[in-house]
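[1] no sequence on this one, just coordinates:
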Ligand code: HEC
């Protein structure tokens, strides 16, 4: 019997091993969560994803499709600002990327045009 009773670990090896496993699991778990959230955040900043989700709340993408060969980057920026004032749920910091995406899109491109 161990003279010092009430010790939580039977040996130094266990004393080191269990916390090490706990910390390892913790790191794996939270590392995984961070990777997941990061992927989600990046997906939201993807201009195509924004157009296909946020720009379809009021009208179909046909309106956008019909304008693909008509607007340059500046005109798209103005249009998106106008849509934001119409009530579009688009972050201001994402507007340049969306304008660039739409200005570079070939007329008839999927998924904006079906
Ligand atoms: C809150 C509703 C709403 C959302 C969300 C919305 N729009 Fe619109 N959109 C409108 C309305 C209303 C019109 C017609 C009146 C006008 O031109 O403002 C319109 C018209 C348009 C037009 C044709 C008129 C023009 O100025 O060329 C385009 C192109 C367009 N929207 C693109 C977009 C894009 C790109 C997005 C996403 C960033 C978007 N819309 C999101 C409401 C919305």
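    Happy to help now that I have it. Keep in mind the model is a prediction, meaning the values are calculated, not measured.
[2] And the nearest residue to residue 73 once chain neighbours are set aside, how far from the ligand?
    Take residue 73 and drop its neighbours on the chain: the residue closest to it by CB to CB, 6 or more residues apart in numbering is residue 103, 4.0 Å away. Bear in mind the C-beta positions are built from the backbone N, C-alpha and C, glycine included. Distance of residue 103 to the ligand, given as CB to the nearest ligand atom, to the nearest Å: 11 Å.
[3] Surely residue 103 touches residue 69?
    No - in this structure residue 103 lies outside contact range of residue 69 using CB atoms under 8 Å: 10.3 Å.
[4] Grab the longest helix from this protein for me.
    If each helix of the chain is counted by residues according to DSSP state H, the longest one is helix 12-44.
[5] quick one: is the helix or strand that that one is followed by near the ligand?
    Heading C-terminal from helix 12-44, the first helix or strand you meet, by DSSP states H and E, is helix 47-54. Yes - Helix 47-54 reaches the ligand (CB under 6 Å from any ligand atom) through 51, 54.
[6] which other helices and strands contact helix 47-54?
    Using 3 or more CB pairs under 8 Å, 6 or more residues apart in numbering; DSSP states H and E as the contact definition, the elements that helix 47-54 packs against are helix 95-104.
[7] quick revisit: just want to know which of residue 103 and residue 69 has more residues nearby.
    Relative neighbour count places residue 103 above the other of residue 103 and residue 69, with 15 against 10, counting by other CB atoms under 10 Å.
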